[in-house]
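A.B. asks: Here is my input, please return the structure:
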Amino acid sequence: MPVYTRTQTEQLFSKVKSAPDNGCYLIIGDRFLCRQLADELCTALGSENATTHNIDGEREDFTATLQKLRTFSLFAGKQIYRVNDTSLFHSKNTLESQWKKIVQNQNKGNHGTTANQLRTMLAAAGLRKEVAPHAFTALSEPQWKKLFGFNKPTENIDWTHDILVSNPAPENSKSKTPSGKDTASLLEESLSKGLPTGNILVLIAEDVDKRKRLYKYLKDNHVVIDLGVDTGSGSAAKKQQRTILLELIEQTLKKYGKSMGPGVADTLLERVGFQPVAAVMETEKLVLYLNNRDRVEKADIDLLVGRTRQEALFELTGALGARNLEQTLLIALRLLENGYHSLAIIATLRNNIRSLLLFRTLLQFPEVGYHPTMSAQNFQNKCLPTLKENAIWTKELSGHPYAIFMQFKTASGLSLNTLKYWLVVLLKTEMRLKGSFIDDKIILHNLFVDLLSHAKLKS
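C.D. replies: Numbering: from 1, shown residues only. All right, here's what the predicted structure looks like:
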C-alpha cells in the first residue's frame, strides 16, 4: 500500500469511510500534527456508537492492548484502540532524538514522563527497563556511544538516577511477553491472522526506525500516514514549514470566525518558529483576546505573543556566519528580550566559532577535497568519509551531514585570521560583560559590529 502524506489525507478519509475496517493505521511525524490527524481519522473511522480507547504508549502494557484487540467486544459498535507515543518503532537509530525529548521533559519538571522515557530508551537499546537506576550515570563515554549510538552528554546527568528512583517502573513493565516474543512480533502475527470485525488499532509515533520489520509489514499490508516535515533551514524546507503553519493558523481563525490583518500571520510565524502547537495555541490566545473585534492586528501580536523560538541561538550563529549584521543584531536583541543570558549567547558563539576555526583549518588539507561550489551530496559522498577517518574529530563531525556541510561552506568564506580575531574579541566581550556596568545590549551590539566589520575588511 502507498504511504500517505499530508496532502493525501482527504483521499485517505474517503477510502476509510467506504471501507473502514482496515485493521491498523500508523501515523508518524510531528507529535501535534499526528494527534490532530488522529482525531480526524478516528472520527472518519467511527460512527455514532464507536468507542475510542486512548492509551499512553509510554506507560502501557502492550500485551494487554493486544489481548483487547484480539477479543470480540461485548459492546456494540467499533472499538478503536488509539496508542499515543508508541515505543514499538524505537531503536538505536532513534535514541538521540529520544534523549533530547527526555532532557526537555526533565527541564519542565515532568518527572513521571521522563522516567518512562528513560526506561523506554533502555529497552530500545536492548536493556531491560527495570535495570538499576544508576544505569545512565555508570556508563563510560565509549559504553554510552556503543549502547545508544551517540556521544555521552557532557553536562551532569545525575538527575537520571534521582528520577528513576523516585518514579519506579510499574510491575507490568515488560519488553518481552510470557511467550518470549517481543510485542512487535506478536502484533504482526495478530494482524496477519486478522482482528475481530470492528476492532481497529491506531498507532502514533514521532520517532520511527523505518528499517524495523513491523514498519515494513504495516507499510505493505495496512496504512501508514507520514506527516514528517523537513526541519532544515533550506528554502524548500522553510517553504514547507510555512505552508503547514499557515494552514493551522487559518483553520484556527476559521473555527472562531476571525481573520488577521495584512502581514500579521508572518509576524506570528516569525515569533513562534516551526512549532505547530505554539502556532495554534498563540492564535487561539489572540482570537480569544479580540472579544467583539473580528481581526487580529500586529499590535495584538506585540502585546500577547512572546518570543518562543527555541532555534533562535542557531539562527544567530547562522546570521553571523552569513555576515548579515542587521539580522544578527535583531536576533541578539530578541534573545535578550526572551530571557537568554548574555553570557549564554557568548558561550554559544564561542563553540560555533571554534567549530568554524577547525573546519577552516581542515580545508587547508588537499586530501579533504572540498571546494565552495560543490553540492551537499558530493560533500557527503567524497569529503565526509575522508574527514571521519581521523577519530580526533569524531564529536565535531557527528552531526547531520547537511549541517556539517553548511558549516564547512560558512568556514570557507572566512579566513583563519578573521576567526582567530573573533575568538579574541569574544573573550574581551565576555570579560566586559562580567565586569562592566554598561548595558548588555550595548556590549553585544558593539561585539557584532566589530566582528562583522573586521570580516568585511578581510574578505
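A.B. asks: The helix or strand hosting Thr52: what's the following helix or strand?
C.D. replies: In this structure, Thr52 is located in strand 51-56 according to DSSP states H and E. Sequence order places helix 62-69 as the next helix or strand after strand 51-56, per DSSP H and E.
A.B. asks: Just want the angle from the following helix or strand past that following helix to helix 62-69.
C.D. replies: Downstream of helix 62-69, the first helix or strand assigned by DSSP H and E is strand 79-84. Per axes from the mean of the first three to the mean of the last three Cα atoms, to 10 degrees, the angle that strand 79-84 makes with helix 62-69 is 160 degrees.
A.B. asks: List the pairing partners of strand 79-84 within its sheet, with orientation.
C.D. replies: strand 51-56 (parallel), strand 199-205 (parallel) (DSSP bridges).
A.B. asks: In CSV, please show the C-alpha coordinates belonging to the longest one.
C.D. replies: Spelled out, it's strand 199-205. Taking C-alpha atoms only, strand 199-205 is exported to CSV below (Å, rounded to 0.1, in the frame of the first residue of the first chain):
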residue,chain,number,x,y,z
ASN,A,199,-11.5,-3.7,16.3
ILE,A,200,-9.2,-1.1,14.9
LEU,A,201,-5.7,-0.1,16.0
VAL,A,202,-4.3,3.5,15.5
LEU,A,203,-0.6,3.9,16.4
ILE,A,204,1.0,7.3,16.7
ALA,A,205,4.8,7.7,16.7
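A.B. asks: And the lowest mean pLDDT element among the helices and strands of this structure?
C.D. replies: helix 312-321 (a mean of 78; mean pLDDT, DSSP states H and E).
A.B. asks: What is it packed up against?
C.D. replies: Packing partners of helix 312-321 (3 or more Cβ pairs under 8 Å, 6 or more residues apart in numbering; DSSP states H and E): helix 325-337, helix 342-362, helix 440-458. Every C-beta, even on glycine, is put in place using the N, C-alpha and C of the backbone.
A.B. asks: Mind listing what's buried along it?
C.D. replies: Under the neighbour-count criterion of 16 or more other Cβ atoms under 10 Å, helix 312-321 has Ala312, Leu313, Glu315, Leu316, Thr317, Gly318, Ala319, Leu320, Gly321 buried.
A.B. asks: try stretch 326-339
C.D. replies: In stretch 326-339, counting by 16+ other Cβ under 10 Å, buried: Thr328, Leu329, Ile331, Ala332, Arg334, Leu335, Leu336.
A.B. asks: For Leu33, find the nearest of the strands paired with strand 79-84.
C.D. replies: Ranking the strands paired with strand 79-84 by their distance to Leu33 (criterion: Cβ to Cβ) puts strand 199-205 first, at 10.2 Å.
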